[in-house]
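[1] Requesting a structural model of the entry that follows:
(one chain, ligands or ions: 2)
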Amino acid sequence: MSTVVPEPAAQRQPRRAVITADALQDLITALRTAGLRPVGPTVRDGAIVLDELGSAADLPHGRGSATAPGAYRLVEREDGAVFGHSAGPQSWKQFLHPARRLLFSADRDPATGDFIPEPEDSEPVHYAFIGVRPCDLAAVKILNRALRRAPDADRGPFIVAVECTEPGATCFCASAGTGPGCADRSGEFDLALVELVGEPAHRFLVTVGSERGDAILDAVPHGPVPDGLVQRARAAVAAAAGRMGRTLPATDLRVLLARSADAERWDDVAARCLTCGNCTMVCPTCFCTSVEDTTDLSGDHAERWESWDSCFDIDYSYIHGGSVRTSAKSRYRQWLTHKFGTWHDQFGTSGCVGCGRCIAWCPVGIDVTEELAALNDGIDRIDRIDRIGGAEQSLEETRGSR
Ligand code: SF4
Ligand code: SF4
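    Numbering: from 1, shown residues only. Ligands and ions are numbered 1, 2, ... in the order given. Below you'll find the model as predicted:
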C-alpha cells in the first residue's frame with residue numbers, strides 16, 4: 001500500500017497567475033468592493049506620493065524617478081511602466097502612524113468644574129496598500145514591532161507588494177537584506193506583483209501570499225502563467241539587485257557603531273548636517289513622537305495631540321534642566337547609532353531597510369552608506385595601528401628575551 005506524503009509547507013509552491021495592466025482597475029474595484037480604501041502611488045507636486053486611488057488611471061503610468069544625494073526628480077518612461085519608480089518622499093508610515101493625531105479631548109463639566117475626557121474613537125480605516133516595495137514591506141513589519149502592534153492577518157492593511165525591477169541610485173535594499181524581491185515572504189503580503197513591460201504585452205506575474213489575497217485574485221480577471229514567465233520575472237528582480245546604487249559596508253554595523261562613539265567622523269558630518277530632521281520624517285521606520293496639550297480660549301475644552309518628532313530637534317532630548325544632546329554631532333550620532341546599531345538590541349533587527357529616502361531628501365546630500373563606510377575605514381585604521389603596535393611590541397619582547 002503506498003502512502004501519500006504531504007508536500008512540506010516550505011516546499012509548497014504559492015498560487016501564481018498573470019494579470020494584464022488593464023486588470024489593475026479590476027484589482028482596485030475588487031478591493032473597494034471588499035470594503036477597503038485603496039491607496040498607492042500617484043503623481044503630485046512633481047513627485048510620486050501616496051494617496052487614495054480613485055481608479056487605476058491615478059497610478060503613475062509612464063513616470064519614473066531619478067534620485068541622487070540631495071536630489072529627486074520625476075522622469076518620463078517610454079515603456080509605460082506603472083511601478084517603474086523607486087521610493088518617493090512618503091512611506092506607508094503616514095497611514096500606519098499618522099504625522100498628527102488626536103489622542104483624546106476633554107470638556108469641563110459646568111456642574112463640578114471637572115474635565116471629562118472623551119477618548120478618540122474615530123472609525124478605523126481599512127486600507128489596501130498598492131505598490132509596496134519589498135524594502136517598505138520590511139519597514140511595515142519593523143514599524144509594527146516598534147509600535148508594539150501585533151500584525152492582524154484579517155484586519156491589517158491588505159498589501160499588494162510590487163517586487164522591484166527598477167532600483168534608484170540611492171537604494172541599497174540588497175545589502176540591507178530587504179529586497180529587491182519578496183515572493184518568499186508570504187504572510188507579509190497578500191498579493192505580490194512583478195511588472196513585466198515590453199514583452200509581448202504589459203502584464204504582471206502575481207504571487208498569492210494569504211487567504212484574503214486568494215479571494216481578491218478570484219475577483220480579478222487572470223490567466224495561467226506561461227512557461228518561463230516565473231524565471232523571467234525572477235531574473236528581472238535578480239538583475240535589480242545588481243543595479244543597486246549603493247551598498248552598506250560588509251561588517252557588523254552594531255559592533256562598528258558601538259566602537260565608533262568617539263570617531264572623528266562625527267565632527268565631519270556635523271559640519272554638514274543642518275539638523276533639519278528631513279531624514280527622520282521620510283524614513284519609513286522612524287517613529288518618535290511628542291505629545292502636545294492645547295486648550296481653547298474659554299479654558300473649557302482641552303485636547304491632547306500626538307505628532308511626529310525627530311531626534312534631530314534639540315528639544316527632543318529635553319529633560320529637567322536642559323537638553324541632553326545639544327550639538328549637531330551628538331544628534332547625528334544618536335540617529336545613526338540607533339538606526340543601524342542599538343535598534344538591534346531594542347527590536348532584534350536593523351532600523352534601516354535600505355530605501356534610500358534619507359539620502360535623496362537630505363538637503364545637503366548626506367549619505368548614510370558613505371558615513372558608515374567612513375566610520376568603518378576609521379575603525380580599520382585603528383585596528384591596523386593596533387596590529388602594528390602589537391607586532392612591534394612582541395618583536396621588542398622577543399629581542400629582550402634573547
Ligand atoms: S535610514 Fe534612510 S535608507 Fe534606511 S530606512 Fe530610513 S530613510 Fe530608508
Ligand atoms: S542628515 Fe540631512 S536630512 Fe538629516 S538632519 Fe542632517 S541635514 Fe537634515
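[2] now the end-to-end length of stretch 330-350.
    Counting by Cα to Cα, to the nearest Å, you get 20 Å between the two ends of stretch 330-350.
[3] And the pLDDT for residue 42?
    In the predicted model, residue 42 carries a pLDDT score of 98.
[4] Would you mind listing what in this protein touches ligand 1?
    Listed as neighbours of ligand 1 in the chain under the rule Cβ under 6 Å from any ligand atom: 282-285, 339, 352-358, 368. In this view, the C-beta of every residue, glycine as well, is placed from N, C-alpha and C.
[5] Inside helices: which ones of those residues?
    282, 357-358, 368 (DSSP state H).
[6] Which parts of this structure are helices?
    23-33, 93-96, 134-146, 173-176, 211-218, 229-242, 253-259, 265-272, 278-282, 328-337, 343-347, 357-360, 368-400.
[7] what's the average pLDDT for the fourth one?
    Put plainly, it is helix 173-176. In this model, helix 173-176 has a mean pLDDT of 97.
[8] Look up how far ligand 2 lies from residue 298.
    With distances taken as Cβ to the nearest ligand atom, to the nearest Å, residue 298 is found 39 Å from ligand 2.
[9] quick one, strands of the stretch 1-150 of the chain?
    For the stretch 1-150 of the chain, strands defined by DSSP state E, counting those that start in this stretch occupy the ranges 16-20, 37-44, 47-52, 63-68, 71-76, 100-108, 115-119, 127-132.
[10] most tightly surrounded among those?
    For those, the stretch with the most neighbours on average is strand 127-132, a mean of 25; neighbours defined as mean count of other Cβ atoms under 10 Å.
[11] so what's residue 68 bridging to?
    The bridge-partner assignment for residue 68, based on DSSP bridges, gives residue 71.
[12] Compute the first-to-last residue distance for stretch 220-238.
    Length of stretch 220-238, first residue to last, Cα to Cα: 28 Å.
[13] Can you list the buried residues in that stretch?
    Of the residues in stretch 220-238, those buried by neighbour count under the rule 16 or more other Cβ atoms under 10 Å are 220, 222, 225, 229-230, 233, 236-237.
[14] Relative to residue 313, which of those residues is nearest.
    Top of the list for closeness to residue 313, among the buried residues of stretch 220-238 and by Cβ to Cβ, is residue 237 at 38.6 Å.
[15] which one is the closest one nearest to, not counting chain neighbours?
    In space, residue 237 comes closest to residue 181 once its chain neighbours are excluded; the distance is 4.4 Å by Cβ to Cβ, 6 or more residues apart in numbering.
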